[in-house]
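Student: one predicted model, sequence on top.
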Amino acid sequence: MYKILILDFDGTIGNTTQFIVQIMMASFDALHMKKPSVEACTRTIGLPLAQCFVQSYKNEGLPEMSEETGLLCAETYRRIFEEKKKPGAILPYPGCIETLRKLHDQGIVLTIASSRNHSSLMDFVREFGIEDIISYVIGADDVTEAKPSAEPVTRTLQALGFSPSEALVVGDTCFDILMGHNAHCDTCGVTYGNGTIEELKEAGAEYIIGRFEDLHIA
């Protein structure tokens, strides 16, 4: 039914939640800012980085964070991330790489659309050993409007010559589902990442799976 998969990375392919939240907390500490809760930070994963910090304060009911402060937090995050990242610090979810290879062998085109920056995505693509099966990667710094805007999906489809009806967008948060729907694509939510099954249902995901291995689209 579908010829192309447009995959989120954080919380869908890469098990990054704990690492992301740790770096967010370290960023708040480095800037001597009040820290929101782990839950408030986790609920922002999937947004562009600066928005994650702004939204984490909203989620916690803290005084509104300015866009400028969000950008400063993001800059601090990137610096600490580069200091802390090591090979093997982040692993793919169980069964994910094997399933991607099976789908690729079936002729499905595999792509990634993420709110992570492009160079960081490519580092993980290479580290996970999937550079040979991922046809297209688009990060937050590749687009004017990141998810939940449709742009990451529409740019991917235009680049590879597919129509929305041929694509399935797969992700773990409502931001991924909304991005897919804004591009007029079907969507599949995964429940093992950062979003809840209730959030995925409310966003209108056509399919919901509990394990990446359950993704069967041929």
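Tutor: The structure has been received and is ready for your questions.
Student: C-alpha only now, for contacts and for neighbours.
Tutor: OK.
Student: so where's this protein uncertain?
Tutor: Scanning the chain for pLDDT under 70 picks out the ranges 218.
Student: let me see the ranges of the strands in this protein.
Tutor: 4-7, 109-113, 134-138, 167-171, 186-190, 207-209 (DSSP state E).
Student: and those: which comes nearest M25?
Tutor: Nearest to M25, of all these, is strand 167-171, at 24.2 Å by C-alpha to C-alpha.
Student: and the closest residue to E145 other than its chain neighbours, what is it in contact with?
Tutor: Nearest residue to E145, sequence neighbours excluded (C-alpha to C-alpha, 6 or more residues apart in numbering): E151, at 6.2 Å. E151 makes contact with V143, T144, E145, M179, A183, according to C-alpha atoms under 8 Å, 6 or more residues apart in numbering.
Student: ok, G11 to A205 distance?
Tutor: In this structure, G11 and A205 are 16 Å apart, going by C-alpha to C-alpha, to the nearest Å.
Student: residue ranges of the helices in the chain, please?
Tutor: Applying DSSP state H to the chain gives helices spanning 17-30, 38-42, 49-60, 67-84, 96-105, 118-127, 151-160, 174-182, 197-203.
Student: so which of the strands of the chain is the most surrounded?
Tutor: Across the strands of the chain, the average number of neighbours (mean count of other C-alpha atoms under 10 Å) peaks for strand 167-171, which reaches a mean of 27.
Student: that one pairs with which strands, and in what direction?
Tutor: Sheet partners assigned to strand 167-171 using DSSP bridges are listed as strand 4-7 (parallel), strand 186-190 (parallel).
Student: out of those strands, flag the one nearest G129.
Tutor: Nearest of the strands paired with strand 167-171 to G129, taken as C-alpha to C-alpha: strand 4-7 at 16.1 Å.
Student: so how far is that closest one from its chain's centroid?
Tutor: Relative to its parent chain, strand 4-7 has a centroid offset of 12 Å by C-alpha atoms, centre = their mean, to the nearest Å.
Student: and for stretch 78-90?
Tutor: Centre-to-centre, stretch 78-90 and its host chain are 17 Å apart (C-alpha atoms, centre = their mean).
Student: quick one: buried residues of stretch 172-189?
Tutor: By 16 or more other C-alpha atoms under 10 Å, the buried positions in stretch 172-189 come out as 172-189.
Student: just the C-alphas of that stretch, formatted as PDB.
Tutor: Provided in PDB are the C-alpha atoms of stretch 172-189 (Å, rounded to 0.1, in the frame of the first residue of the first chain):
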ATOM      1  CA  ASP A 172       6.200   8.600  18.600                       C
ATOM      2  CA  THR A 173       4.500  11.900  19.300                       C
ATOM      3  CA  CYS A 174       1.500  14.000  18.300                       C
ATOM      4  CA  PHE A 175       4.000  16.300  16.500                       C
ATOM      5  CA  ASP A 176       4.800  13.500  14.100                       C
ATOM      6  CA  ILE A 177       1.200  12.600  13.500                       C
ATOM      7  CA  LEU A 178       0.200  16.200  12.900                       C
ATOM      8  CA  MET A 179       3.100  16.700  10.500                       C
ATOM      9  CA  GLY A 180       2.000  13.700   8.500                       C
ATOM     10  CA  HIS A 181      -1.700  14.800   8.400                       C
ATOM     11  CA  ASN A 182      -0.700  18.400   7.500                       C
ATOM     12  CA  ALA A 183       1.100  16.800   4.500                       C
ATOM     13  CA  HIS A 184      -2.100  14.700   3.700                       C
ATOM     14  CA  CYS A 185      -0.300  11.400   4.500                       C
ATOM     15  CA  ASP A 186      -1.400   8.500   6.600                       C
ATOM     16  CA  THR A 187       0.400   8.100   9.900                       C
ATOM     17  CA  CYS A 188       1.500   5.400  12.300                       C
ATOM     18  CA  GLY A 189       2.200   6.100  16.000                       C
END
